[in-house]
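Student: Structure for this input, please:
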Amino acid sequence: MAEVELTLVAGRRPALLERTLASFADRLFPALAITRALVNIDPIFGDAADHDRCRAILRAHFEDLVVFEPETAGFGAAVKRLWQATRAPYVLHLEDDWVALERIDRSVLAPFADPRIRQVSLHTADQNWDVRRKGHLHRRRVYVRLAGWKTPFFRWRGKFTTAPSILEGGFARRAAALMDPALDPEKQFFSGHNPKLEAATAGFRHHIFSPDGTPVIRDTGRDWRIERGIDKRTVDGASVWTRRD
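Tutor: Sure, this is the predicted structure:
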């Protein structure tokens, strides 16, 4: 059985973290036999007591555990730090605000039989992904000059994500090495803010795991933010959380 490590980005939100881990521990972890967990707890949203509670929840779930506790919060820096610290052939990446909707078996690894596939994302109820396509694709308009005229055409490439997914370990580590920690880790795969990362990953593909064509996970963070009047935006390629007045 191939080794799988877990990476998890968390804030100081123990209730969300506990719900997430309980859900995936019941419906996914047993199929993958997680060997080591690497977790980043950013100093955001909660207080020191919430931080301590998160550590306790993690210790209750994982025997082999590495916890990063940076002094400054940074989503891009957290993903870069976690992915670079992995060493397993496969990496299960999570955030602290998701739940699994159904049991997921080891067939989630089957798409990696195609050597072009470098990420298998879990179909989420919160994104309008077309699972009929061969993977999650990003379309970018580019222009070429033909007979003196600038002519637009579309270039398609795999659209990689930091939503719950499994990544080929070497791909995750190479991508992390090229990531700009100041930028949103997901959007710099395709937004034009990190040309080196885009070039290094352009030849690979992304697969959406959706056995029955229906979502297998759901985002709980959106409801959490709405209840507290917190908005998530992207500003100059970076993720920013702001509280509405």
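Student: Name the spans of this structure whose pLDDT lies under the cut-off.
Tutor: For the chain, residues meeting the criterion pLDDT under 70 lie at 1, 128-158, 233-245.
Student: Mind doing that once more with 50?
Tutor: Residue ranges of the chain with pLDDT under 50: 138, 142, 153-154.
Student: middle-most residue in the chain, spatially?
Tutor: The centroid of the chain falls nearest to T162 when counting by CA atoms, centre = their mean (1.8 Å).
Student: Which strand or helix spans that residue?
Tutor: Under DSSP states H and E, no helix or strand contains T162.
Student: Pretty sure L167 sits in a strand.
Tutor: Yes. L167: assigned to a strand according to DSSP: H, G, I helix; E, B strand; the rest coil.
Student: That one and A110, how far apart?
Tutor: 15 Å (CB to CB, to the nearest Å). Placement of C-beta: from N, CA and C, glycine included.
Student: what do you get for G169?
Tutor: Separation of G169 from A110 (CB to CB): 17 Å.
Student: got it, and G229?
Tutor: Between G229 and A110 the computed distance is 42 Å (CB to CB).
Student: Please say which of the two ends up with more neighbours.
Tutor: A110 (13 against 10; other CB atoms under 10 Å).
Student: Now do that one against D126, distance only.
Tutor: From A110 to D126 the distance is 24 Å (CB to CB).
Student: Over to F68?
Tutor: Going from F68 to D126 by CB to CB gives 27 Å.
Student: tally of neighbours for the nearest residue to G221 once chain neighbours are set aside?
Tutor: Distance criterion CB to CB, 6 or more residues apart in numbering; nearest residue to G221, sequence neighbours excluded, is D97 at 3.1 Å. Other residues within reach of D97, judged by other CB under 10 Å, total 21.
Student: Same check on A200?
Tutor: A200 has 16 nearby residues by other CB under 10 Å.
Student: Tell me which residues of stretch 96-110 come out buried.
Tutor: For stretch 96-110, the neighbour count (16 or more other CB atoms under 10 Å) marks 96-101, 104, 108-109 as buried.
Student: how about the strands in the protein?
Tutor: Shown for the chain, the strands assigned by DSSP state E span residues 4-10, 34-41, 65-68, 90-95, 98-100, 117-122, 137-146, 149-158, 165-168, 205-209, 217-219, 230-235, 238-243.
Student: Pull the distance from the fifth one to the chain's centre.
Tutor: This means strand 98-100. Between the centre of strand 98-100 and the centre of its host chain there is 13 Å, according to CA atoms, centre = their mean, to the nearest Å.
Student: now do the second one
Tutor: Taking CA atoms, centre = their mean, the mean C-alpha location of strand 34-41 is offset from the chain mean by 14 Å.
Student: Would you mark the buried spots in stretch 11-21?
Tutor: Neighbour counts over stretch 11-21 (16+ other CB under 10 Å) mark 11-14, 16-21 as buried.
Student: so how far is it off the chain centroid?
Tutor: 16 Å.
Student: Isn't E186 up against M179?
Tutor: No. Under the criterion of CB atoms under 8 Å, E186 is not in contact with M179, lying 10.2 Å apart.
Student: Alright, I will stop here.
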